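Enquirer: Structure here, sequence nowhere to be found:
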């Protein structure tokens, strides 16, 4: 009986360790209460990552932030206000991105609607001596 219990305990902890490898906690709020949780797909599946805004102590999902492709995870970020009451979640693809803003009202994060016609950057590169701005990465 003891041997069976010990074997099951080892298997349980090994499985829990593997499950922990699939979960990442990033971008904690300044007060340490909330964070972004990323869950990787199991096995050899080539599916999207699950992304949530969670309460760190309980792991409770506060906001379902959707999914992201594994190769675009570096293009996903959660930014906090200093008082941890505002969060902006941004994703970007190859050509454009999306931003969502959330406000903690004391009991939940409410999404703040953004205008459809948000201004974007209008970057104009100037030409000087035959040099073009898009070659900023080159030296000499």
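Expert: Right, received. Where do you want to start? For clarity, every value in this text was computed on a predicted model and none was experimentally measured.

Enquirer: Not counting stretch 38-52 itself, show me its contacts.
Expert: Contact with stretch 38-52 is made by 22-26, 36-37, 61-70, 73, 76, as judged by C-beta atoms under 8 Å, 6 or more residues apart in numbering. For glycine as for every other residue, the C-beta is placed from the backbone atoms N, C-alpha and C.

Enquirer: where do the helices sit along this protein?
Expert: Under the criterion DSSP state H, the chain carries helices at the ranges 2-21.

Enquirer: just for it, where's the confidence low?
Expert: Applying pLDDT under 70 to the chain picks out residues 1-21, 43-46, 72-73, 93-95, 125-140.

Enquirer: what ranges do the strands span in it?
Expert: Along the chain, the segments classed as strands by DSSP state E run 23-26, 34-39, 49-55, 61-68, 76-80, 86-92, 97-104, 109-112.

Enquirer: helices or strands up against the last one?
Expert: Which is strand 109-112. strand 61-68, strand 97-104 (3 or more C-beta pairs under 8 Å, 6 or more residues apart in numbering; DSSP states H and E).

Enquirer: Okay, now the sheet partners of that strand, with direction.
Expert: Paired strands of strand 109-112, with direction, are strand 97-104 (antiparallel) (DSSP bridges).

Enquirer: what angle do the partner strand and strand 34-39 make?
Expert: Inter-element angle recorded for strand 97-104 and strand 34-39: 130 degrees (by axes from the mean of the first three to the mean of the last three C-alpha atoms, to 10 degrees).
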